[in-house]
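# Fold the following for me, if possible:
(one chain, ligands or ions: 1)
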Amino acid sequence: MSDHPTPAGDVIERELAVEQAHIDAVYARLAEATRAAEQVATEGRSLFQTDRSSFVREEDGTGLYERDVFAFQSAKRLAVLDAEHEGLVFGRLDRTDGEVRYIGRIGVRDDDYEPLVIDWRARAAEPFYRATPSDPMEVIRRRVLRCRGDRVIGIEDDLLDSDHADTDLVVVGEGALMAALSRARGPRMRDIVATIQAEQDEAIRAPYQGVTVIAGGPGTGKTVVALHRAAYLLYSHRRRFENGGVLVVGPSRVFMNYIERVLPSLGEDSVILRAIGSVAADVLGFRAERVDPAELHAIKGSVRMLPLLRKLVDEPLAEQTAEQARLRVIVKGEVLILTPEKLARIRADVLRYHKLNQGRAAAEQAVLTALWERKPAEIEIEREEFDDLVTDQADYRSFIQSWWPSLTAVQVLGRLSDPGLAVRLADGLLTRAEAELLAGAYAENADWSVADTALLDELAAILGPVIEEAEPDPLLFLADGSEVSEVVTISDRTAVRRESDPFDLVHDTYAHVLVDEAQDITPMQWRMLRRRGGQASWTIVGDPAQSSWPDARESQEALDDLIGRAPNRRFRMSTNYRSPAEVFELAAKVVAQVEPNADLPRAVRHTDIEPILLAATPAEADRVLLDQVTELSGQVAGTIGVICPPSRIAHASQVLGHSELAGLADRINVVTPLEAKGLEYDAVVVVSPDDIVTESPGGVRVLYVALTRPTQRLVTIDLTAAGEPGAWRRALQEG
Ligand SMILES: Nc1ncnc2c1ncn2[C@@H]1O[C@H](COP(=O)(O)OP(=O)(O)OP(=O)(O)O)[C@@H](O)[C@H]1O
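Sure thing, here's the model as predicted:
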């Protein structure tokens, strides 16, 4: 923050006019470039397509186009920038050598290829984020420009090198960061490209190889840093990452909606954003949003499910009688039998080299060979005829159908709804109560949950894609005088089969996978993610102190396993940019009770407004909630989050929805702590903190998440029989 006298109004006006002149030049250049690019495109088209007499050699046309492709790309990018955001250019560096550099969301050059604006991701822009008074990096003054569209509306300066302050540089403003942090929050996260801090910049520009871990407490900018990192990787290794793909995974669809504007506002629209329940949609064809009750979610996410799923795949479809478990065929009057033991050996052999759904042909071959070996020598028959005789038998065909069926993941997982089967297969893996809980959940026939998608994805990987048995095409014979000039040939038929090659049907893969809220990714979900990033580099973002699930150890092991021996680097974000210091002090005390080693950041912004801690009896509860939300709606300009325990959310939504506050629905969000993960609101009302603690296996950590959502004001409402403070507040006093 600057500590210099505020210049007079006319000085500021003059500075604004100087900056406006440069911005005007940039926009004029872009308009010109767009026109030129459009003209080249039109001319190119007409030259190549219509006028053969004035034909231009193709390479000339390409050269013409390439020369302007940069301008054209810039113009295209500009079109996707969000007008709501600060404009295209946001920074200026005045260097000790007299050079002036403008920094913006994209790079723009003038006719002579001199930079008018430098892309924020370019090396030349680094001092804009890294320079400090102790290491000014040859920068005298750093200026942040606040623009709305193409108008400059404000400037904020930092004087970095006072040794050079004898120049006539004017220094204006109170510091861009504080101004940005105090602004009201809307429904979408904004980019921070104008105010990235040095420690954040290091994580953003870290090398792409291996695994980059970004840790830090709530509000330290982990999410927003990770998104800027995605944009940086695309800029600095565009070929690798644009072709290979970058996947960003977050906890829920609401969260993905919240962050979805950040990358387009940085001029990048080629990153795939997926909620964790949608990651397997490439294989499964559907996405899930329903979250299981905590206990069930923890079971389904546990790595103990893995052997259970494998056993489930191996389990015969139905209980078989001894008679059904063997294969019996008759060839030329001889009965040939394969025993269950022999069949089991064949099965194991085939599965060593094939996935179940792809092994059917190999298994049949092995069965036919085993039968052939049992054929008495005196029966004279060619192998081909023998095979035909066997495979024509109805008994053989029905045996193969039930012995080696084609199975989908959904069919297999659905079998766990049988409690007897679930308990038997889970023996030694889950407790009986856990197995019964699992079976009960599947028997309910609800739609698939977020945790189920990781299990289904695992099964799909074990089973392999189902191979559709192609109906043989009837051969087409030419009749005399037929109009048809070709017949379907054998090679056509085999070509069709090759088109549906099962190995083509695998999951999407990416060159970089970026996982947010990683502390909540279960081991089974890590496996699902790893399938999509077999050759990928990774950015992993999280805070264990905000974990919602009980078994942090299992998740950590899965993560350690992912990192393995890959090159990796860790960054810790140390400053909380979201919470006012007054609010974070309370939240930090709460989490320290259960997580004495929690990574607590420093909250930099003071509002002088203490959190309001209320208590109400059940009879007063609705009134108190309405009064508080009403009051907050006048005090803050942006969003209000009402964070409720799951048991109270329906009621709270109803109370607010039927009140005069219904008209403010676009500003008020009623959510559970899980749904509020990663989000923020100007003001937050936490309803019944004690219930939030008891209703989640994450306990106090989940309350910590709720308490760290506001950017301005926090109100908590305890609901107790006598209207006295809740247990969480008493614990604070005792602590
Ligand atoms: N350098 C910065 N300049 C301006 N705003 C910033 C900066 N860094 C972070 N912020 C803001 O701080 C808020 C918190 O950022 P973000 O949500 O990325 O934090 P987080 O570490 O992911 O939090 P949580 O762990 O609670 O999910 C956001 O509003 C973000 O825009």
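# quick one: contacts for Leu327?
By C-beta atoms under 8 Å, 6 or more residues apart in numbering, the contact set of Leu327 is Ile337, Leu338, Leu343, Val367, Leu371, Tyr396, Phe399, Trp403. Just so you know, the C-beta spots here come from the backbone N, C-alpha and C atoms, and that holds for glycine as well.
# now with 7 Å?
Ile337, Leu338, Leu343, Val367, Phe399 (C-beta atoms under 7 Å, 6 or more residues apart in numbering).
# And for Val329?
Counting by C-beta under 7 Å, 6+ apart, Val329 touches Leu336, Leu371, Val390, Gln393, Asp395, Tyr396.
# Check which residues of the host helix or strand of the first one are buried.
Counting by DSSP states H and E, the secondary-structure element that holds Leu336 is strand 334-338. Using 16 or more other C-beta atoms under 10 Å as the burial criterion, the residues of strand 334-338 that qualify are Leu336, Leu338.
# For the helix or strand that comes right after it, buried residues please.
Later in the chain than strand 334-338, the nearest helix or strand by DSSP H and E is helix 340-353. Within helix 340-353, the residues that count as buried by 16+ other C-beta under 10 Å are Lys342, Leu343, Ile346, Arg347, Val350, Leu351.
# same check, this time on stretch 393-400
Tyr396, Phe399, Ile400.
# Next: stretch 196-208.
Quick answer for stretch 196-208 (16+ other C-beta under 10 Å): Ile196, Gln197, Glu199, Gln200, Asp201, Ala203, Ile204, Arg205, Ala206, Tyr208.
# and those residues, which of them are in helices?
Counting by DSSP state H, the part of those found in helices is Glu199, Gln200, Asp201, Ala203, Ile204.
# quick one: strands adjacent to the strand holding Leu336?
In the sheet, strand 334-338 lines up against strand 327-331 (antiparallel) (DSSP bridges).
# angle of the strand it pairs with against helix 340-353?
100 degrees (axes from the mean of the first three to the mean of the last three C-alpha atoms, to 10 degrees).
# contacting residues around the strand holding Leu336?
Arg326, Leu327, Arg328, Val329, Val367, Ala370, Leu371, Arg374, Lys375, Pro376, Ile379.
# where does the fourth one land on pLDDT?
On pLDDT, Val329 comes in at 92.
# Over to the last one?
pLDDT, Ile379: 86.
# cool, and the fifth one?
According to the prediction, Val367 has pLDDT 94.
# Can you tell me the element it falls in?
Element membership of Val367 [criterion: DSSP H and E] is helix 360-374.
# and that helix, what other elements does it pack with?
Here helix 360-374 touches strand 334-338, helix 340-353, helix 383-391, going by 3 or more C-beta pairs under 7 Å, 6 or more residues apart in numbering; DSSP states H and E.
# Which one of those lies nearest to Glu289?
Across the helices and strands packed on helix 360-374, Glu289 has its closest neighbour in helix 340-353 (34.5 Å, C-beta to C-beta).
# between that closest one and helix 360-374, how big is the angle?
140 degrees.
# Tell me which other helices or strands helix 340-353 touches.
Short answer (3+ C-beta pairs under 7 Å, 6+ apart): helix 340-353 packs on helix 360-374.
# got the buried residues for the helix it packs on?
So for helix 360-374, counting by 16+ other C-beta under 10 Å, buried means Arg360, Ala362, Ala363, Glu364, Ala366, Val367, Leu368, Ala370, Leu371.
# CA-only coordinates of the helix holding Val367 in PDB, if you can.
Output in PDB follows, covering the C-alpha atoms of helix 360-374 (Å, rounded to 0.1, in the frame of the first residue of the first chain):
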ATOM      1  CA  ARG A 360     -15.400 -63.600 -24.900                       C
ATOM      2  CA  ALA A 361     -13.900 -64.700 -28.200                       C
ATOM      3  CA  ALA A 362     -10.700 -65.800 -26.600                       C
ATOM      4  CA  ALA A 363     -12.600 -67.700 -23.900                       C
ATOM      5  CA  GLU A 364     -14.700 -69.500 -26.500                       C
ATOM      6  CA  GLN A 365     -11.600 -70.500 -28.400                       C
ATOM      7  CA  ALA A 366     -10.000 -71.900 -25.200                       C
ATOM      8  CA  VAL A 367     -13.200 -73.800 -24.400                       C
ATOM      9  CA  LEU A 368     -13.400 -75.300 -27.900                       C
ATOM     10  CA  THR A 369      -9.700 -76.300 -27.700                       C
ATOM     11  CA  ALA A 370     -10.300 -77.900 -24.300                       C
ATOM     12  CA  LEU A 371     -13.200 -79.900 -25.700                       C
ATOM     13  CA  TRP A 372     -11.200 -80.900 -28.800                       C
ATOM     14  CA  GLU A 373      -8.500 -82.300 -26.500                       C
ATOM     15  CA  ARG A 374     -11.200 -84.400 -24.700                       C
END
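# Specify the angle between it and helix 383-391 in degrees.
Angle of helix 360-374 versus helix 383-391, following the same axes, to 10 degrees, is 110 degrees.
# Give me the contact list for helix 360-374.
Helix 360-374 is contacted from outside by 327, 329, 336, 338, 342, 346-347, 349-350, 354, 383, 386-387, 390, 400, 404, 406, using C-beta under 7 Å, 6+ apart.
# Over to stretch 541-560?
Taking C-beta under 7 Å, 6+ apart as the rule, stretch 541-560 contacts 214-218, 222-223, 226, 298, 302-303, 515-523, 526, 540, 591, 595, 598-599, 674, 696-698, 701-702, 704-705.
# Nearest spatial neighbour of Ala25, chain-adjacent residues omitted?
Spatial nearest neighbour of Ala25, excluding adjacent residues (C-beta to C-beta, 6 or more residues apart in numbering): Leu116 at 6.5 Å.
# Quick check: that neighbour is in a strand.
Yes. Under DSSP: H, G, I helix; E, B strand; the rest coil, Leu116 sits within a strand.
# can you tell me which of the ones in helices among the buried residues of stretch 196-208 lies nearest to Asn243?
Nearest member of these to Asn243, counting by C-beta to C-beta, is Ile204, at 21.7 Å.
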